[in-house]
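*Asks:* Any chance you could fold what I've pasted below:
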Amino acid sequence: MFEWHAREGAILRLTPPWSPLKLISRTGIGIEKGVQVKFRMDLFKIPMTWEAEHIEYQENTMFKDHQTKGPFAKWEHTHLFHDQGRNDQGKNGQGKKSSVMEDQVAFKLPLGFLSLPFYGYVLKELARVFDYRHRVLKYDLEHRLENNSEPGAGKARKQRILISGASGSIGSILVPFLRTCGHEVVRLVRKSSNLENDELFWDPYNNILDMEKAGSIDAVINLNGADISRGRWSMKKRQLIVDSRVKPTMVLVEKMKQMAVPPSVFISSSAIGLYGEGQNRVLTEKDPKGDSFISRVCDQWEKASFDAQKAGIRTIQLRIGVVLTPSGGALKRMLLPFSLGLGTRLSKGSQYMSWISMDDALGGILHILKNQDVEGAVNLTAPNPVTNKMFTKILGRVMSRPAPFVLPRWMAIGLWGDMGKETLLTSARVIPEKLLKSGFSFEHNKIEPALKDMLGR
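*Replies:* So this is what the prediction gives:
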């Protein structure tokens, strides 16, 4: 538990997705005395920096940091770790070992007595933050290498994983998650200078990627793709949507095939848009592709990965649903109108939305990496899709706001054309049959608890 906090990626994992904080820089290693971190933060839309320094460190017992610059008059955060010994008698009288992690925060607000009315609000927000941090700590510890006990996974081992699209809404959270689980990550980036130690330059549109510089790679995860859900689809935008998915996938496959020792697994993203309009039908990986622009895009995207399988690399086409996180994607765009009481149902709201929490998206990818029996198309969605009407109602309830409005179908199509029709009005009732059959256990089966956890409510 103590050592987890020192792993690269831990500080990013512990930052809630709704938080106004963004890590700018870090000096030093891990959590030892003298390490300094700097965040950018937007407090009530006012940009500022928050800087902290680690001032005490006792291995396996405690570490402490305090604010050196920021919004508080005083901030001192002590992390305490308590060995609870063994409890609950198990087999042969051997109980389970357990530990407790305790956070203690001493703070003062600026402006002296003028700040007194705000202490209740700050305490409430801190409770949200630390509930989230403890839940993430527990989740990641359960998924670390030392606790690998999934069927088909074999003996746990550290993997060196190459990721494209590492700065996207999934990739930016997947990278620190994999690192805190004990793996090493190399990020593919488009900049050619000032590269970090964990970065490798590539230009997929000009077939530039020197895999020899990456060294030994055990797995490749491909998360490329331009956003499809903004604005109308002009001919130029349609071509960008196709090229940003197909070309990077083809380059990765060719470069992997040329390696002296290719990676053992290739996870290439796709989307449930492949199924097209499904109405009320339950859709699994066995169902054929639909007949829409996005269906055809996903089909080309998946076919671009097929040669990796032919080359003997275990290959997965990851059909991703709507990933719930306030840090990006559909949910982020919904938060402002819903928080203002302007939540809106789309048309009749009968169309199904196949969602998945960010926690389960990360856990699902890790499960696939470890489970050698999983290959081919895999739906990355929760087991219980909901209609848009139900989703609108539940999100409004979680936000404690009414959601009284309806956007007519004709207006959605008039505003956004095929984009509105295929992303907002199409029904996809998708079930993750392969994940369930391979033994993956979902953290969030139901939409309301998932939204509460993702939003800290």
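
*Asks:* How many residues are close by Glu448?
*Replies:* 17 (other Cβ atoms under 10 Å). C-beta here means a position set from N, CA and C on the backbone, and glycine is covered the same way.

*Asks:* what's it in contact with, if anything?
*Replies:* Going by Cβ atoms under 8 Å, 6 or more residues apart in numbering, Glu448 touches 394, 397-398.

*Asks:* go on, Leu340?
*Replies:* Arg401.

*Asks:* before we move on, back to that, can you lay out the contacts of Glu448 as a markdown table showing neighbour count?
*Replies:* Formatted as a markdown table, the contacts of Glu448 follow (neighbours: other Cβ atoms under 10 Å):
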| residue | neighbour count |
| --- | --- |
| Ile394 | 18 |
| Arg397 | 16 |
| Val398 | 18 |
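
*Asks:* Including distance to Ser269, could those residues go into a markdown table?
*Replies:* Output for these, formatted as a markdown table (distance: Cβ to Cβ, whole Å):
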| residue | distance to Ser269 |
| --- | --- |
| Ile394 | 27 |
| Arg397 | 31 |
| Val398 | 28 |
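
*Asks:* ok, so of these, who is nearest Tyr57?
*Replies:* Among these, Val398 lies closest to Tyr57 (Cβ to Cβ), at 38.9 Å.

*Asks:* Check the closest residue to that closest one other than its chain neighbours and give its pLDDT.
*Replies:* Once flanking residues are discounted, Val398 sits nearest to Leu451: 4.7 Å by Cβ to Cβ, 6 or more residues apart in numbering. On the pLDDT scale, Leu451 is placed at 95.

*Asks:* Go ahead and list the helix or strand containing Leu451.
*Replies:* helix 447-455 (DSSP states H and E).

*Asks:* For that helix, output the C-alpha coordinates as CSV.
*Replies:* Output of helix 447-455 as CSV, limited to C-alpha atoms (Å, rounded to 0.1, in the frame of the first residue of the first chain):
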residue,chain,number,x,y,z
ILE,A,447,-25.6,3.3,-14.3
GLU,A,448,-26.6,5.2,-11.2
PRO,A,449,-23.7,4.0,-8.9
ALA,A,450,-21.4,4.4,-11.8
LEU,A,451,-22.3,8.1,-12.3
LYS,A,452,-22.1,8.7,-8.6
ASP,A,453,-18.6,7.3,-8.4
MET,A,454,-17.4,9.1,-11.5
LEU,A,455,-18.8,12.4,-10.3
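
*Asks:* now that helix: how far from the chain's centre is it?
*Replies:* Between the centre of helix 447-455 and the centre of its chain there are 14 Å (Cα atoms, centre = their mean, to the nearest Å).

*Asks:* what about the helix or strand containing Val129, distance to the chain center?
*Replies:* Using DSSP H and E, Val129 falls within helix 119-142. Relative to its parent chain, helix 119-142 has a centroid offset of 18 Å by Cα atoms, centre = their mean.

*Asks:* Now stretch 38-45: average pLDDT?
*Replies:* 80.

*Asks:* in the protein, what spans have low per-residue confidence?
*Replies:* Applying pLDDT under 70 to the chain flags the ranges 44, 87-95, 145-156.

*Asks:* what about the helices in it?
*Replies:* Ranges of helices in the chain, per DSSP state H, are 2-6, 10-13, 119-142, 171-180, 235-258, 293-303, 306-310, 329-339, 358-370, 388-398, 409-416, 418-423, 433-437, 447-455.

*Asks:* got the angle between the fourth one and helix 358-370?
*Replies:* So that's helix 171-180. Per axes from the mean of the first three to the mean of the last three Cα atoms, to 10 degrees, the angle that helix 171-180 makes with helix 358-370 is 60 degrees.

*Asks:* distance between the ends of stretch 228-238?
*Replies:* End-to-end span of stretch 228-238 (Cα to Cα, to the nearest Å): 9 Å.

*Asks:* Let me have the helices of the chain in CSV, extended by distance to Leu200.
*Replies:* Listed next are those as CSV, based on distance: least, Cβ to Cβ, whole Å:
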stretch, distance to Leu200
helix 2-6, 25
helix 10-13, 20
helix 119-142, 25
helix 171-180, 13
helix 235-258, 11
helix 293-303, 22
helix 306-310, 18
helix 329-339, 26
helix 358-370, 19
helix 388-398, 39
helix 409-416, 37
helix 418-423, 32
helix 433-437, 30
helix 447-455, 31
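
*Asks:* Among these, which comes closest to Arg319?
*Replies:* helix 293-303 (7.5 Å).

*Asks:* burial measure for Val406, as a count.
*Replies:* Residues near Val406, counting by other Cβ under 10 Å: 15.

*Asks:* bridging residues for it?
*Replies:* Arg345 (DSSP bridges).

*Asks:* buried residues in stretch 440-457?
*Replies:* By neighbour count with 16 or more other Cβ atoms under 10 Å, stretch 440-457 contains the buried residues 440, 442-444, 447-448, 450-451, 453-456.

*Asks:* Now render these as a markdown table, adding distance to Pro71.
*Replies:* Listed next are the buried residues of stretch 440-457 as a markdown table, based on distance: Cβ to Cβ, whole Å:
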| residue | distance to Pro71 |
| --- | --- |
| Phe440 | 41 |
| Phe442 | 37 |
| Glu443 | 32 |
| His444 | 32 |
| Ile447 | 34 |
| Glu448 | 33 |
| Ala450 | 31 |
| Leu451 | 28 |
| Asp453 | 26 |
| Met454 | 25 |
| Leu455 | 22 |
| Gly456 | 19 |
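
*Asks:* quick one: which two of those residues are the most distant?
*Replies:* Based on Cβ to Cβ, the longest span within these runs between Phe440 and Gly456 and measures 24.9 Å.

*Asks:* Excluding sequence neighbours, find me the nearest residue to Val386.
*Replies:* Ile447 (5.2 Å).

*Asks:* The one you found against Ser354, yeah?
*Replies:* No. The pair Ile447 / Ser354 is not scored as a contact, 10.8 Å apart, by Cβ atoms under 8 Å.

*Asks:* okay, and the common contacts of the two?
*Replies:* Listed as contacting both Ile447 and Ser354 by Cβ under 8 Å, 6+ apart are Ala382.

*Asks:* And the strands in the stretch 151-300 of the chain?
*Replies:* Here the stretch 151-300 of the chain has its strands, by DSSP state E, counting those that start in this stretch, at 160-164, 184-189, 199-203, 208-209, 219-222, 265-271, 282-283.

*Asks:* Throw the ones you listed into CSV and include mean neighbour count, thanks.
*Replies:* Shown next, in CSV, are these (neighbours: other Cβ under 10 Å):
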stretch, mean neighbour count
strand 160-164, 23
strand 184-189, 20
strand 199-203, 17
strand 208-209, 18
strand 219-222, 26
strand 265-271, 25
strand 282-283, 19
